[in-house]
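Chemist: Predicted model follows, preceded by the sequence.
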Amino acid sequence: MSALGPYIGKIASQIITEFKKGSIRTEFPAEYLEVTYEKIEADAKRGNKNAKTAKKLLTDSRFDKQSKT
């Protein structure tokens, strides 16, 4: 749960802007862009296919922004 701490209370578009590569917006289900992470997670648990896709894009580390130092 601690890894998802920064996502709590934020809508998907905020999470993408702050933590994820912008390119995921092309695959991200539009109906979940303005929805909180908690709602996406709940819908995914209920079996909603688009919510599962949204959750995967938000939680998969392959889509994290990379810091270049």
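Modeler: Cool, the structure landed.

Chemist: which residue ranges form the helices in the protein?
Modeler: Ranges of helices within the chain are 12-19, 37-45, 49-59, based on DSSP state H.

Chemist: want to throw the ones you listed into a markdown table with mean neighbour count and distance to Gln66?
Modeler: All C-beta atoms are positioned from the backbone trio N, CA, C, and that covers glycine. Output for those, formatted as a markdown table (neighbours: other Cβ atoms under 10 Å; distance: least, Cβ to Cβ, whole Å):
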| stretch | mean neighbour count | distance to Gln66 |
| --- | --- | --- |
| helix 12-19 | 17 | 11 |
| helix 37-45 | 17 | 21 |
| helix 49-59 | 18 | 16 |
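
Chemist: who does Thr36 bridge with?
Modeler: Per DSSP bridges, residues listed as beta-bridge partners of Thr36: Ile11.

Chemist: what's the neighbour count on it?
Modeler: Residues contacting Thr36 under the criterion other Cβ atoms under 10 Å number 17.

Chemist: Compute the distance between it and Gly22, please.
Modeler: Relative to Gly22, Thr36 is positioned 20 Å away (Cβ to Cβ, to the nearest Å).
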